Structure formats: C-alpha cells, structure tokens
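Trainee: Below are the sequence and a predicted model; questions follow.
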Amino acid sequence: MPNNDAFELLFSLSKQITPYLSGQLSPLATMDDEYSIHISRDNSNVIQALYERLSQDSEEGGNAYWLTRTWDLLCWQPIYISFISVYQLHAIPDIQNMSQLVQSNFISGFIFHHSELTFGSPEEIVPVAASQLMRLFDSYREEISPWTRIRPGFTNHLLADGLLNCILKLQMLQPELSNGYLMAQAELWLNAFNLPNKHLSSLKVDLVSNQLKLVRTSCCLVYKCNGRKLCDDCPRHPDNKGL
C-alpha cells in the first residue's frame, strides 16, 4: 500500500473511533503557532492557556483536576493513533513530529507533516512508537514544569492507564482477539515504556462477558466538577473496591 493511501486509511479509521480524532497531511510551515502544538516549538504558553481555560470552566475541580485533564488532553491523540497504526496499518508514522490542534478547552485534530512509515509486527514497531511517544510526552512535561509541579510518577500512572484503556478499545474493535493475546500486548506496551508490569493487574477478566475489564490506578478527578460522577473504571468507584 502506498504511504499516502496508508495515511488516508489511518485518518478514516481514526474518525470511526471518534470524530474528534480528525487527521490530515500538511506542511508544518502552514501551522498557526497559537492554536497548535509541535515538538519543535515552545508550547508552554499554549499549554498553560489551555490549563487556565479549564480552570475557569471548572473552578470547583481544583489544581489536581486541571493538571490531570490538561495532561490527558495532550496525550490521548498520540496514544490512540499509535494503537490504530500498529494494529490496523501494521506501521508507525512520525508520531513524535505530529502537530496537535488546540480547540478552546479541548485538543482535537492532528496533522502529520511527512508521509514516512515504519512497517513491522507489533513486537517490532511498538518499541518504535514508545520511543517517539516518550520524547513527545517528555517535551510536554518540560513545558509544563516551569509553571506548575508535574511529577514523572504522576504522568506515568496516567500513561499506563491510557495504554491499558486502548487495549480495551482494541478488544472492542477486534473481538476475535483472545484475552491472552491482549494481555501479552499490554505487557509489550508497558515494557516499551519502561513501566512496571504490576500495572497488568489493572486488567481483569469479567466473569460474565469473559472480556477484559480495566480498573485504573489513577483517578481523573472529574467527580469534583459540578454534575459529574465517578467513571466506571475509577479505582474510587464502589463497584471496583477490592478488585
């Protein structure tokens, strides 16, 4: 498959996951610095402005919620794209150098600036994806740290939960995959990010559906916002106590 066709497939599959995951190929020079994030730029002001808009929209959430939400918004698209690419395209694009679009109090939309792809099996290209994502996420953390404390331990828990959540998405998209295969893939991703295998215990087999269920190790704190409640996979949820 020609690379441009592979990208069109990636963009189509991404939109099937959620319309918010909308991608394109475009030169970097055409990007507006005020509304996009790219690793080659100083994104600190753009990220801080997003954080401040979140704080204004949900004053009751508090600093921990605003930071968690900001970090989740920065990371969700690159992680989703990586999983779609690995298991649907059997290839990885230049994720480290993608741009992300900032939409008021959300991050939605991504742009690749080159059509290079690295092909291979999950065992071959998951480490490639992880290496790029770690550099990208490290750059985000470095740009946040001058204006608020953001510990690697905090972001690593969110990252592990984000990866395992995508394992569940993979299970939904490809229900023929066995629980054993999915657990092995979860371990592959965790190892590629140098995250401890203890996170695998967050994945349980539901005795009714015989499918994997995730109980996160981190809490997004959205329940602190007016009108919001605990997520179903939250460790604070009463149904998940003791699991």
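Mentor: Received the coordinates, thanks. Numbering: from 1, shown residues only.

Trainee: excluding its backbone neighbours, what's nearest the spatially most central residue of the chain?
Mentor: By C-alpha atoms, centre = their mean, the mean C-alpha position of the chain lies nearest to Trp76, the distance being 2.7 Å. By the measure of C-beta to C-beta, 6 or more residues apart in numbering, the closest residue to Trp76 outside its immediate chain neighbours is Gly162, 6.9 Å from it. Quick note: C-beta positions are derived from backbone N, CA and C, even for glycine.

Trainee: try Leu101
Mentor: Leu101's closest residue in space is Gly109 (C-beta to C-beta, 6+ apart), at 3.7 Å.

Trainee: helix or strand for that neighbour, which one?
Mentor: strand 106-112 (DSSP states H and E).

Trainee: could you point out which element follows that strand?
Mentor: With DSSP H and E, the next secondary element past strand 106-112 is strand 117-119.

Trainee: counting contacts, what elements does that next one pack onto?
Mentor: For strand 117-119, the contact count by 3 or more C-beta pairs under 8 Å, 6 or more residues apart in numbering; DSSP states H and E identifies strand 91-93, helix 122-144 as packing neighbours.

Trainee: which parts of the longest one are buried?
Mentor: Residues of helix 122-144 classed as buried by neighbour count (16 or more other C-beta atoms under 10 Å): 122, 125-130, 132-133, 136-137, 139-140, 143-144.

Trainee: Other residues contacting it?
Mentor: Applying C-beta atoms under 8 Å, 6 or more residues apart in numbering, the contact partners of helix 122-144 are 37, 39, 42-44, 47-48, 51, 67, 70-71, 74-75, 78-79, 82, 85-87, 90-92, 94-96, 118-120, 150, 152, 155, 159, 185, 188-189, 192-193.

Trainee: now, which of the residues you listed lie within strands?
Mentor: When strands are assigned by DSSP state E, the members of the contacts of helix 122-144 inside them are Ile37, Ala91, Ile92, Thr118, Phe119.

Trainee: ok now do the closest residue to the last one other than its chain neighbours, which residues does it touch?
Mentor: In space, not counting the residues next to it along the chain, Phe119 is nearest to Ala91; the distance is 4.5 Å by C-beta to C-beta, 6+ apart. Contact partners of Ala91, counting by C-beta under 8 Å, 6+ apart, are Ala6, Ser85, Leu117, Thr118, Phe119, Gly120, Ile125.
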